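Enquirer: build me a model:
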Amino acid sequence: MYVAATRAAFWLGCSGYWWGDGASLLGPSPFLDEVRRHSRDLLAQVARRRRRLEHEIGPVSWEWQSPRPHDDLALLERWKSAQYRRTGTWDRFARPWIGGTLARLVDEQPGDCAAVLSALRAGDRTAAVHLGLLGPDRLCWWFPAYDPDLGRYSPGLILLLELVAEAAGRGIGLVDLGRGEHGYKLRVTRRADEVAEGEVPARVRPNQTPSRAVRR
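Expert: Predicted coordinates:
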């Protein structure tokens, strides 16, 4: 067993946050004040891109829980797999059991760790999708994906801000953005905890390959 070097896991405090048209983006809010301190132009930039998306593609709408989860989950997997391949990252969805597990979470909705499959639409087009896990005190940011053809509108950031607003309205005090210093996380928050990761390798017999040993 080994434990890797610690990494930052970012999170957002949701209390008091709200989202709406361009005017409300400039309104008072502890979360918005924090974003302004670390990324002064972000909120205005996202508001402009949201207006462009609405003008050029169609009316923007938001769904906390998708009414067509299987279609949106299939979109998420396709977009995310393409992103993994494009960036040379391990494609989680190349493993059928991972997609199967997500589908079961969406279908079964266990009470203590429910799946939240959210979607951002522009007209009749899906712009971005996110699958997260909702626990007793937080929403975990897990699998976000967006239509790469709409990337110039920043649909992923629009979705993230909508998600935080909805979480606040539902009394959820924390959105856990997970580990990794991705650029978009650093643009919305500097709050972070140190986390560690590790693994326990399977015991391999002398005449076995590691892959065969894991299957056993």
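Enquirer: which residues are in contact with the helix or strand hosting residue 71?
Expert: Per DSSP states H and E: residue 71 is located in helix 69-87. Contact with helix 69-87 is made by 66, 89-94, 99, 102-103, 106-107, 117, 119, 126, 129-131, 143, 145-148, as judged by Cβ atoms under 8 Å, 6 or more residues apart in numbering. In this view, the C-beta of every residue, glycine as well, is placed from N, C-alpha and C.
Enquirer: show only the entries of the residues you listed found in strands.
Expert: Cross-referencing the contacts of helix 69-87 against strands under DSSP state E gives 117, 119, 126, 129-131, 143, 145-146.
Enquirer: out of those, who's the most crowded?
Expert: Most neighbours among the ones in strands among the contacts of helix 69-87, by other Cβ atoms under 10 Å: residue 129, with 30 neighbours.
Enquirer: mind listing the strands for this structure?
Expert: 2-3, 7-13, 60-63, 114-122, 125-134, 139-146, 174-179, 192-195, 198-199.
Enquirer: now render these as a markdown table, adding mean pLDDT.
Expert: Shown next, in a markdown table, are the strands of the chain (pLDDT from 0 to 100):
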| stretch | mean pLDDT |
| --- | --- |
| strand 2-3 | 34 |
| strand 7-13 | 47 |
| strand 60-63 | 94 |
| strand 114-122 | 95 |
| strand 125-134 | 95 |
| strand 139-146 | 91 |
| strand 174-179 | 77 |
| strand 192-195 | 66 |
| strand 198-199 | 71 |
